[in-house]
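Visitor: just the structure for this:
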Amino acid sequence: MPQLPAPDYPSEVRERLAADAEEIIGRYPDSRSALLPLLHLVQSEEGHVTRTGMRFCAEMLDLTTAEVTAVATFYTMYRRKPSGDYQVGVCTNTLCAVMGGDAILNELKEHLGVGNNETTADGKVTLEHIECNAACDFAPVVMVNWEFFDNQTPESARQLVDDLRAGRPVEPTRGAPLCTFKETARILAGFPDERPGAVGASGGAGPASLTGLRLARGEAPHARMVHQRGAAPQGEPPAEHLSSHDAPQQTSASDPAHPSPPTSHDRGTSSRPSDSAGPVSEEGE
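Guide: Modelled structure (predicted):
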């Protein structure tokens with residue numbers, strides 16, 4: 001049976017959302033370009049993109065609901081069913097999987113009693129496996145509402161979700177302080193994060209990703225290993241967040257027992273035969 005038109009928002013909600021939508025639309029020369037942030041806006045209202053939200057977006061942008069639905073169903077950041085206050089995503093791509101991502105996901109499934117894209121009965125946590133988060137320096141990585149929790153273990157990930165469900169304070173490894181999924185959606189819609197210090201919080205690439213840059217600058221690459229979570233020595237400055245992949249490597253430079261053969265740079269770059277092959281005739285040159 002064909003679905004009836006989606007119900008509209010209550011008048012006070014629609015009026016508030018319409019004012020926000022007009023602000024978003026005004027940022028673009030073509031109103032259609034505002035569809036993605038508008039979907040985040042309606043998601044910030046209900047925690048997922050409802051048929052009412054898609055109707056609202058269509059009316060604000062003079063699109064059909066079919067056009068809006070095509071976009072809302074394409075991107076995984078838009079939830080199509082009620083979800084938790086905290087979206088806990090476990091990366092299971094190659095490096096994170098090898099470093100323990102699969103074990104973390106399986107541990108959380110059993111511990112929370114939910115499967116992929118399912119939400120706990122208290123409405124606090126939605127668990128999902130996610131694709132690469134471009135944080136391989138810190139594998140295995142867990143994200144909560146798109147904030148990073150690096151170098152996780154099954155035990156630390158279990159403690160993380162327990163803290164989230166209990167309402168205990170949780171701090172991401174780097175980046176902005178954690179907020180709810182609805183609050184995150186509003187920020188993604190393009191509205192400023194008003195929390196003190198949130199905008200100034202940041203986190204960059206890890207030392208492994210920056211090794212090539214340091215070598216190009218003539219700098220020595222890092223050769224330190226990050227301490228296990230919660231076990232960093234007292235007094236160590238938190239200048240940067242190091243990765244578990246930054247241990248000294250057994251290369252020819254650090255392992256005299258296994259030297260590498262001479263390189264072309266060591267031998268010189270000339271293609272002329274060596275002296276051991278006899279002098280080179282000048283005739284015919």
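
Visitor: in the longest helix seen in the chain, what counts as buried?
Guide: Longest helix in the chain, counting residues (DSSP state H): helix 11-25. Of all the residues in helix 11-25, those buried under the rule 16 or more other CB atoms under 10 Å are 17, 20-21, 24-25. Where you see a C-beta, it was placed from the backbone N, CA and C, and this is true even at glycine.

Visitor: need the max-distance pair from the residues you listed.
Guide: Across the buried residues of helix 11-25, no pair lies farther apart than Leu17 and Ile25, at 12.0 Å, counting by CB to CB.

Visitor: pull the contacting residues for the residue nearest to the spatial centre of the chain.
Guide: The centre of the chain sits closest to Asn133, judged by CA atoms, centre = their mean, with a distance of 3.8 Å. The contact partners of Asn133, by CB atoms under 8 Å, 6 or more residues apart in numbering, come to 89, 91, 141, 143, 148.

Visitor: which of those fall in strands?
Guide: If you go by DSSP state E, these have 89, 91, 143, 148 in strands.

Visitor: after the longest helix of the chain, next one along is what?
Guide: Downstream of helix 11-25, the first helix or strand assigned by DSSP states H and E is helix 35-46.

Visitor: mean confidence for that following helix?
Guide: In this model, helix 35-46 has a mean pLDDT of 94.

Visitor: quick one: it to helix 11-25, angle?
Guide: Going by axes from the mean of the first three to the mean of the last three CA atoms, to 10 degrees, helix 35-46 is angled at 150 degrees with respect to helix 11-25.

Visitor: so how far is helix 35-46 off the chain centroid?
Guide: Between the centre of helix 35-46 and the centre of its chain there are 20 Å (CA atoms, centre = their mean, to the nearest Å).

Visitor: what helices or strands is it leaning on?
Guide: Where contact means 3 or more CB pairs under 8 Å, 6 or more residues apart in numbering; DSSP states H and E, helix 35-46 is packed against helix 11-25, helix 51-61, helix 65-72, helix 181-188.

Visitor: hey, C-alpha coordinates of that helix in CSV?
Guide: Presented in CSV, the C-alpha positions along helix 35-46 are these (Å, rounded to 0.1, in the frame of the first residue of the first chain):
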residue,chain,number,x,y,z
LEU,A,35,20.4,19.5,1.3
LEU,A,36,23.2,17.7,3.2
PRO,A,37,23.3,20.2,6.1
LEU,A,38,19.5,20.3,6.2
LEU,A,39,19.4,16.6,6.7
HIS,A,40,21.9,17.0,9.6
LEU,A,41,19.6,19.7,11.0
VAL,A,42,16.5,17.5,11.0
GLN,A,43,18.6,14.6,12.4
SER,A,44,19.5,16.9,15.3
GLU,A,45,15.9,17.3,16.1
GLU,A,46,14.8,13.6,16.3
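
Visitor: what angle do it and helix 51-61 make?
Guide: For helix 35-46 against helix 51-61, the angle by the same axes, to 10 degrees is 140 degrees.

Visitor: residues contacting helix 35-46, please?
Guide: Residues outside helix 35-46 that contact it (CB under 8 Å, 6+ apart): 9, 13, 17, 20-21, 24-25, 49-50, 52-54, 56-57, 60-61, 63, 68, 71-72, 75, 77-79, 182-183, 185-186, 188-190.
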